[in-house]
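> from the sequence below, what's the structure:
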Amino acid sequence: MRGLDTNILLRAMLDDDPVQSAVAQRLLSGLDRETPAFVSIPVMMEFFWVLRARYKLPRPALAGAIRSLLEIEHLEFEAFDTVGKALTTFETGIADFADAVVALRNQELGASATLTFDKAAAHSVRSMELLS
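Got it, this is the predicted structure:
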């Protein structure tokens, strides 16, 4: 298995570079049982951040991009269930995707709460607590 960097996923999804996008799309469509690929949590977070901050995608498009990645066969994800739950939370408008990933992952790893200075996150993510 080979890990993928964020730029591979972005080029494949955005189709914004005639050479790199085609190479990235071939890679993802050519994954199989013998040659799967891996996406880590930091890559997912960066993928989300770039699409939101640089490309200014609206919430439905952001959610669709993440969902499209999750549906690629033989593309494995660190904490797949966490990413899926965070995506559902984000799609419903309850919380930011990144905040949900951080809180859920911390909880899965044994944290009783995730402390934050982010008032919106503390208000919208059940396991986040405002540090004041």
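
> and stretch 50-60, end to end?
Distances were taken as CA to CA, to the nearest Å; on that basis the terminal residues of stretch 50-60 are 15 Å apart.

> now it: buried residues?
Buried residues in stretch 50-60, defined by neighbour count with 16 or more other CB atoms under 10 Å: 50, 51, 52, 57. Any C-beta I mention is one placed from the backbone N, CA and C, and that applies to glycine too.

> look up the closest residue to the residue most central in space within the chain, ignoring the ones flanking it.
Relative to the mean C-alpha position of the chain, the nearest C-alpha, by CA atoms, centre = their mean, is the one of residue 44, at 3.3 Å. Residue nearest to residue 44 in three dimensions, not counting chain neighbours: residue 83, with 5.9 Å by CB to CB, 6 or more residues apart in numbering.

> now do the strands in the chain.
Counting by DSSP state E, the chain forms strands over residues 2-3, 37-39, 75-77, 114-116, 128-130, given from the N-terminal end onward.

> and those strands as TSV, adding mean pLDDT?
Below are the strands of the chain laid out as TSV (pLDDT from 0 to 100):
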stretch	mean pLDDT
strand 2-3	98
strand 37-39	98
strand 75-77	98
strand 114-116	98
strand 128-130	97
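
> which among those strands is found nearest to residue 18?
When the strands of the chain are ranked by distance to residue 18, counting by CB to CB, first place goes to strand 37-39 at 22.2 Å.

> that closest one pairs with which strands, and in what direction?
When pairs are called by DSSP bridges, strand 37-39 turns out to pair with strand 2-3 (parallel), strand 75-77 (parallel).
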